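A.B. asks: with the input below, show me the fold.
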Amino acid sequence: MSTDFNFTIKSISLDEHYQPADSTRITTNFANLARGESRQANLRNALKMIDNRFNALAHWDNPNGDRYSVELEIVSVDMDVVEGGESFPSIEVLKTYIVDHKTNERIEGIVGNNFSSYVRDYDFSVLLLDHNKDQQQFTVPDNFGDLHGKLFKYFVDSPTYKQHFNKPPVICLSVSDNKTYFRTENQHPVLGYEYQPNESSLTEQYFQKMGLQVRYFMPPNSVAPFAFYFFGDLLNDYTNLELISTISTMETFQKIYRPEIYNANAVAGKCYKPNLKNSDHSVTQIVYDRVERSQLAVQQGKFAEEHFIKPYQSILENWSANYAL
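C.D. replies: Below you'll find the predicted structure:
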């Protein structure tokens, strides 16, 4: 391979004092919480929701429902394309840690969870929109997601990743509101009932290029399934506590950002079609501006185009063409 990219990993605690760094994508779930007058109350309430949900799922040997708490770290990955050049903020994920107050252990959880990427913003909010601007019918550009997928796999295979993390990442996303999901008979004690979608989505195909498979599960006492993206074997490669750390964290975020689906008053049945216009839902006490978030995705996609895609286009194209999958 003609080019080697170097990665630098930085992490910061996501607690009630968290303030987003300048390089953090401001549409990122946790960064959105940490802005405005309600920032500290937002963070405190969200972290309490995560702990409560964790203890409800990890109920064995936990009679008072207070044995565990979850600590979160925001992991930022900067990438150097050329030596001595300016590093680019490539991705940002969350790392969970589980504090067991009975044994006084701090247990490593899962890395991934929330997934944030400027290049993904570019692909979906700039490239895809431009490609379909004058089209009668929606189509996807050739090689859509190839570069992003190869960069992600290159990072996960890198010595930098292996030095910092023991297991491959798991990313947990909302289900798509333009698909229908059918409940199967497969049930896991922590992940709950498995669901199958009626068709593949563009998001699924995009994450597949990152090397990730997807399965859909609705955990006990959740009201809708989640999409779990992973390498390997989701059900056997991770412990129950690791899986619970992801569920409790990401369900809390989705209750805040997608209350129509994840804080709905009716539970998903055997055949489930998510609906973002569902009025029969409850709202958390946490302040969040969804409209602003979608506008910012376009701005951030253009930032990636200006500071990463265009300046390094020939290097990236050459590297991508020679990258062995």
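
A.B. asks: surely residue 319 is in a helix?
C.D. replies: Yes. Using DSSP: H, G, I helix; E, B strand; the rest coil, the assignment for residue 319 is a helix.

A.B. asks: any idea how far residue 196 is from it?
C.D. replies: 37 Å (Cβ to Cβ, to the nearest Å). For every residue, glycine as well, the C-beta is placed using N, CA and C.

A.B. asks: repeat for residue 234
C.D. replies: Residue 234 is 15 Å from residue 196, where distance means Cβ to Cβ.

A.B. asks: who's more crowded, those two?
C.D. replies: residue 234 (18 against 13; other Cβ atoms under 10 Å).

A.B. asks: and that one, backbone torsions?
C.D. replies: Note on residue 234: backbone dihedrals following degrees, to the nearest 10 are phi -60, psi -40.

A.B. asks: do the same with residue 262
C.D. replies: Backbone torsions of residue 262, given as degrees, to the nearest 10, read phi -100, psi -10.

A.B. asks: all helices of the stretch 101-250 of the chain, in order?
C.D. replies: Counting by DSSP state H, counting those that start in this stretch, the stretch 101-250 of the chain has helices at residues 118-122, 128-131, 146-156, 159-164, 202-209, 234-237, 240-257.

A.B. asks: name the helices or strands packed onto the longest one?
C.D. replies: Using 3 or more Cβ pairs under 8 Å, 6 or more residues apart in numbering; DSSP states H and E as the contact criterion, the neighbours of helix 240-257 among helices and strands are helix 29-33, helix 39-57, strand 68-80, strand 88-100, strand 105-117, strand 170-174, strand 226-230, helix 259-262.

A.B. asks: what about the first one, average pLDDT?
C.D. replies: Regarding helix 29-33, the rounded mean pLDDT is 58.

A.B. asks: could you do the fourth one as well?
C.D. replies: Averaging the model's pLDDT scores along strand 88-100 yields 92.

A.B. asks: show me what it is packed up against.
C.D. replies: strand 6-14, strand 68-80, strand 105-117, helix 118-122, helix 146-156, helix 240-257.

A.B. asks: go again using 7 Å as the cut-off
C.D. replies: When contacts are defined as 3 or more Cβ pairs under 7 Å, 6 or more residues apart in numbering; DSSP states H and E, strand 88-100 packs onto strand 68-80, strand 105-117, helix 240-257.

A.B. asks: just how off-centre is it within its chain?
C.D. replies: Centre-to-centre, strand 88-100 and its host chain are 10 Å apart (Cα atoms, centre = their mean, to the nearest Å).

A.B. asks: next one: the last one
C.D. replies: Centroid displacement of helix 259-262 relative to its chain, using Cα atoms, centre = their mean, is 17 Å.

A.B. asks: tell me the helix or strand right after it.
C.D. replies: Downstream of helix 259-262, the first helix or strand assigned by DSSP states H and E is strand 271-272.

A.B. asks: which residues sit against that following strand?
C.D. replies: Residues outside strand 271-272 that contact it (Cβ atoms under 7 Å, 6 or more residues apart in numbering): 180-182, 195, 224-225.

A.B. asks: and the two most separated of those?
C.D. replies: 182 and 224 (13.4 Å; Cβ to Cβ).

A.B. asks: so what's the most centrally placed residue in the chain closest to, chain neighbours aside?
C.D. replies: By Cα atoms, centre = their mean, the chain has its centre lying nearest to residue 114, at 2.5 Å. Once flanking residues are discounted, residue 114 sits nearest to residue 94: 4.7 Å by Cβ to Cβ, 6 or more residues apart in numbering.

A.B. asks: wait, doesn't that neighbour sit right on residue 72?
C.D. replies: Yes. Between residue 94 and residue 72 there is a contact at 5.7 Å, judged by Cβ atoms under 7 Å.

A.B. asks: of these two, which one has the most company?
C.D. replies: Neighbours were tallied for residue 94 and for residue 72 using other Cβ under 10 Å; the higher tally belongs to residue 94 (29 against 24).

A.B. asks: measure the more buried one to residue 169 for me?
C.D. replies: Counting by Cβ to Cβ, the gap from residue 94 to residue 169 is 10 Å.

A.B. asks: repeat that for residue 47.
C.D. replies: Residue 47 is 22 Å from residue 169, where distance means Cβ to Cβ.

A.B. asks: nothing else from me, thank you.
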